[in-house]
Every structure is written in C-alpha cells, then in structure tokens.
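**Q** What follows is a predicted protein model with its sequence.
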There are 2 protein chains.
Amino acid sequence: MDIEIAAKQLEALGNATRLQLYRALVRAGDAGLPVGRLQQRLGIAASTLSHHLHRLILTGLVSQERQTTTLICRANYPAMNNLVGFLVDECCVDAGCSASEADGAASVADSAT
Amino acid sequence: MDIEIAAKQLEALGNATRLQLYRALVRAGDAGLPVGRLQQRLGIAASTLSHHLHRLILTGLVSQERQTTTLICRANYPAMNNLVGFLVDECCVDAGCSASEADGAASVADSAT
DNA sequence: TGCAAATTTCGATGATTATCGAAATAGAGG
DNA sequence: CCTCTATTTCGATAATCATCGAAATTTGCA
C-alpha cells in the first residue's frame, strides 16, 4: 500500500461529515443506501453530499451502482481492510500493539478552545 | 470513541507529510526521535515540521518529552489502536470483513490528473 | 552573564476545502 | 416528446491549510 494512497484515504475519512457518511454506508451493509436517503439522514444540501461522496469514491472507499433512477452507494470493505492493514503494519513494526483500550488517548486537545 | 475525535485523528494522518512523520515515529519505537532528526529525514523547513508535529500532538497521536536540549517525539500506540479499533468496529458491524487483500481498492483515482 | 544549539512562534502567501443555491443533466414512463 | 424525480455540475464565498523564512524562545554550558 502506497503511503500517498493511504494518506488520501485517511484524508477522505478525516472529515466529520464524510466519516458519518461512510459509517452510514458501512452499517447499511451490502444493500447500500441511495444518495437521497443519505441526504435525508445527514441533513445537508444535495450538492454538498454529492461533493463528499465524490471524494470518497475517488479514493476507492465507496462505490456506486445505478438502480433505475436512484444511485445506490456502498462502502468498499476491502479498501477499508487494506487501509486498516496499512495502519496496523505501521503501528506494529516493532512495537507491542496489544493494548485494546487506550489510556490517555481518547480525548483530543482543542487548540481553539 | 467519539466520531468527531476519530475524524480529527484521521484528518491528522490524512496528509502525506504527517503520515510519513508518524510512520517514522512508529518505526523508531519506544526510543522515539528528536525533532531535528525528523527534520533531516523529511527534508522540510523546521517551522513546517513543527506545525505538523503540533497537529499530531493535538490529536493525541504523538507525544513529546524533553531530553536536555532536544525534544524527543514518540508515537502514541494506544491512540492508534483506539482509532484502528473504531474503524474496525464501524467496518465489521454486520459485514464480513475477512478479506485480507483488497481487490480494486489499491489505486486511487486522481481527479486533478 | 553570555554563547550556541534546538525548537517554536510570527507573519505572509498561495492552494485547497466545505458549503450553499441555482441550473443542468440523466433515466423512466406516459 | 414531455414531465417527473434523482443527482450532479457550476459558480461563488468564507474558512482552513501547507509552506516558508525570519525572529523569538528555551535550555544547557562555559
């Protein structure tokens, strides 16, 4: 896995709207979800959703399939597995990555606060 | 794991420079790496490196410790484990995430090309 | 105290991003 | 061909980001 590709995919997921979007798709399973339903669920403008969807598709994390008039979106599980595999490989090169729960890592300091 | 935190951490890793940076730290293991050495390795301005490092630290993915004059940076493994855990949880809610190698997910379409 | 090395902060600039509404496009069906 | 619905593209705007060099800061040491 090329580090550039990994970075692009991480960047694609590194936005609250897109991560919610992706999560909804993952939870929808193989059935996927139509664009319109995603829009209702996220409550954003259709054009904004289309923009984010496009970014996810470009990185290969999401795919689309036409069903008559509606477009069904699906999470691309193998892509995510690949990405997670990359992270785990990097993480476990020579460090014991067995901690299942992080200690002080669950909160993010916010510089703007 | 809050989805906002996950998004922030993914965003932090979703930049080629920072991902290289983080990878170097992960590979350095518990010994960590001084800022100066990271700068040599990445070949970027010290101020740029400091900026990226700051972002990684804010998300809890990297920590620093002073050793006399130099600052030692270390990857925060538990944070990464937490993040990977989040991704895996989302991914495996009801989908069989057993594919170890992705099929068509290894290449990223580049809209700017 | 004063110097040297390491790192950050400041200030600026160009590039990218997120968001929206309006208009355009695509597919189905009468 | 026309219309309806679903979705994307366009154009614009405000916000955030990456990057650099110069200046300031911190720390140790003589």
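**A** That came through fine.
**Q** Dump the longest helix belonging to chain A to CSV, restricted to CA.
**A** Criterion DSSP state H: the longest helix present in chain A is helix A:77-91. Output of helix A:77-91 as CSV, limited to C-alpha atoms (Å, rounded to 0.1, in the frame of the first residue of the first chain):
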residue,chain,number,x,y,z
TYR,A,77,-14.9,-3.1,2.6
PRO,A,78,-11.7,-4.5,1.0
ALA,A,79,-10.4,-0.9,0.6
MET,A,80,-11.0,-0.2,4.3
ASN,A,81,-9.4,-3.5,5.2
ASN,A,82,-6.4,-2.5,3.2
LEU,A,83,-6.2,0.8,4.9
VAL,A,84,-6.5,-0.7,8.4
GLY,A,85,-3.9,-3.2,7.4
PHE,A,86,-1.6,-0.4,6.5
LEU,A,87,-2.1,1.3,9.8
VAL,A,88,-1.6,-1.8,11.8
ASP,A,89,1.5,-2.7,9.9
GLU,A,90,3.0,0.7,10.5
CYS,A,91,1.9,0.5,14.1
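**Q** quick one: which helix or strand includes A:Arg66?
**A** Per DSSP states H and E: A:Arg66 is located in strand A:62-67.
**Q** That strand packs against which elements?
**A** helix A:46-58, strand A:70-75 (3 or more CB pairs under 8 Å, 6 or more residues apart in numbering or on different chains; DSSP states H and E). (Each C-beta comes from the backbone N, C-alpha and C, glycine too.)
**Q** Would you mind finding the most buried of these?
**A** Comparing those by mean neighbour count (mean count of other CB atoms under 10 Å in any protein chain shown), strand A:70-75 ranks first with a mean of 19.
**Q** Is it in proximity to DNA strand D?
**A** Yes - Strand A:70-75 lies within reach of DNA strand D by CB under 7 Å from any atom of the strand, at A:Thr70, A:Leu71.
**Q** Compute the distance between A:Leu49 and B:Ala79, please.
**A** Per CB to CB, to the nearest Å, A:Leu49 is found 30 Å from B:Ala79.
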